[in-house]
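Visitor: what follows is a predicted structure for the sequence shown.
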Amino acid sequence: MTHRRAMVLMVVVTLLWSIAGVVTRHLEAARGFEVTFWRSFSTALCLLLGLLATKGAGLWNALRQGDRWLWMSGMCWAVMFTAFMLALTLTSVANVLVMMALGPLVTAVFSRIFLGYVLPGATWLAIFVAGFGVAWMFAGEAGPGFSLAGVLVAGCVALAGAANWTLLQGAGQRQRVDMMPAVLIGACLSALTSLPLAWPVQASLHDVGLLALLGVVQLALPCLLVVRLSRQLPAAEIALLGLLEVVFGVTWAWLWGGETPSSQVLSGGLLVLAALAANALLGFRRRQAVVVA
């Protein structure tokens, strides 16, 4: 797989991740941790069936023989699946998204410390500009509903994501480590931990259907794809492209949720897109220069 194709597929991943907000707006009764439970349960069931179909008994062998890379990544996925919803119950969406915008910076630092990966200066600049763009999008809304606990939990999402992308890249460098079962581990842990908090369940069949759709389309498929893409894309680049989830999420809410974004949200979104486009263009030129040389 070429780097360009990997970047295009990562954009597809963020597009799928971003549908959660607009879909959950159509839920009838499910709220809070019940949303997390049904979504994670559906993800786990889809992954179990899919991995059994493709790997057979090899799935159980991979889980039994999995080293610390696999299980640490599974823990990271569990935190990412669960803590985001918990943060939303404690503070505003704006506060959560602003904290998560720190993810690419933390990922770049982790990659440098633990993997010795050196990022080009242009990518560092893109990380700062894109992060500022997300912060600017929600700066006017970040104050209301502020909760230190909520902000800290949202920070856990950013930290878990940064750790996970770094783990995936490190495992990819080892070649023989199959990290796809880690997503299954994360989904199972998320469902198990959120069920007691979601009880008694009140979701209608309509809600369960929508959350099952999210479990398959918004989590299972894109998360497996990003595991595969971690072999081609640096961890910091995955995190940086992941900020598109915010831009796409606002767009879906605008088109199908009846939420008109402010001029500040639009300008911040354009800043994110400009930073990502500039980073992609400069990266392409660097690779072309290497080929020519």
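Guide: In hand now; what should we look at?
Visitor: any weak-confidence spans in the stretch 101-250 of the chain?
Guide: Across the stretch 101-250 of the chain, the ranges flagged by pLDDT under 70 are 140-146, 174-176.
Visitor: burial of the nearest residue to residue 215 once chain neighbours are set aside, as a residue count?
Guide: What sits nearest to residue 215 in space, not counting adjacent residues and going by CB to CB, 6 or more residues apart in numbering, is residue 42, at 2.6 Å. Placement of C-beta: from N, CA and C, glycine included. Other residues within reach of residue 42, judged by other CB atoms under 10 Å, total 25.
Visitor: export stretch 190-209 as PDB, just CAs?
Guide: In PDB, the C-alpha atoms belonging to stretch 190-209 read as follows (Å, rounded to 0.1, in the frame of the first residue of the first chain):
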ATOM      1  CA  SER A 190     -15.700  -1.500  27.200                       C
ATOM      2  CA  ALA A 191     -19.000  -3.400  27.100                       C
ATOM      3  CA  LEU A 192     -18.300  -5.200  30.400                       C
ATOM      4  CA  THR A 193     -17.400  -2.100  32.300                       C
ATOM      5  CA  SER A 194     -20.200   0.000  31.000                       C
ATOM      6  CA  LEU A 195     -23.000  -2.500  31.500                       C
ATOM      7  CA  PRO A 196     -23.300  -2.100  35.300                       C
ATOM      8  CA  LEU A 197     -23.500   1.700  34.800                       C
ATOM      9  CA  ALA A 198     -26.100   1.300  32.000                       C
ATOM     10  CA  TRP A 199     -28.400  -1.000  34.000                       C
ATOM     11  CA  PRO A 200     -31.400  -1.100  33.800                       C
ATOM     12  CA  VAL A 201     -31.400  -0.800  30.000                       C
ATOM     13  CA  GLN A 202     -34.200   1.200  28.400                       C
ATOM     14  CA  ALA A 203     -33.200   1.300  24.800                       C
ATOM     15  CA  SER A 204     -35.900   0.500  22.200                       C
ATOM     16  CA  LEU A 205     -35.400  -1.800  19.300                       C
ATOM     17  CA  HIS A 206     -35.000   1.300  17.200                       C
ATOM     18  CA  ASP A 207     -32.200   2.500  19.400                       C
ATOM     19  CA  VAL A 208     -30.500  -0.900  19.500                       C
ATOM     20  CA  GLY A 209     -30.600  -1.000  15.700                       C
END
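Visitor: number of nearby residues for residue 101?
Guide: When neighbours are counted by other CB under 10 Å, residue 101 registers 25.
Visitor: verify the contact between it and residue 139 for me.
Guide: No: in this structure residue 101 lies outside contact range of residue 139 using CB atoms under 8 Å: 11.1 Å.
Visitor: tell me the contacts of residue 185?
Guide: Going by CB atoms under 8 Å, 6 or more residues apart in numbering, residue 185 touches 63, 70-71, 73-75, 77-78.
Visitor: which other helices and strands does the helix or strand hosting the residue nearest to residue 215 contact?
Guide: Assigned by DSSP states H and E, residue 42 falls within helix 33-55. When contacts are defined as 3 or more CB pairs under 8 Å, 6 or more residues apart in numbering; DSSP states H and E, helix 33-55 packs onto helix 58-65, helix 68-90, helix 180-198, helix 205-213, helix 221-229.
Visitor: what is the orientation angle of it with helix 221-229?
Guide: Helix 33-55 and helix 221-229 meet at an angle of 50 degrees, taking axes from the mean of the first three to the mean of the last three CA atoms, to 10 degrees as the criterion.
Visitor: returning to what we had before: hmm, the residue nearest to residue 215 is touching residue 210, no?
Guide: No: with contact defined as CB under 8 Å, residue 42 does not reach residue 210; the gap is 10.0 Å.
Visitor: can you give me the neighbour number for residue 72?
Guide: 17.
Visitor: by neighbours, which of the contacts of residue 185 wins?
Guide: residue 73 (30 neighbours).
Visitor: so what's the nearest residue to it once chain neighbours are set aside up against?
Guide: Distances taken as CB to CB, 6+ apart place residue 182 nearest to residue 73, at 3.8 Å, with adjacent residues excluded. With contact taken as CB under 8 Å, 6+ apart, residue 182 is in contact with 66, 70-71, 73-74, 77, 227.
Visitor: same check, this time on residue 197
Guide: The neighbourhood of residue 197, defined by CB under 8 Å, 6+ apart, consists of 32-33.
Visitor: next one: it from residue 191, what distance?
Guide: Distance of residue 197 to residue 191, given as CB to CB, to the nearest Å: 11 Å.
Visitor: closest to residue 235 among the contacts of residue 185?
Guide: Minimum separation from residue 235 among the contacts of residue 185 (CB to CB) is found for residue 73, which lies at 11.9 Å.
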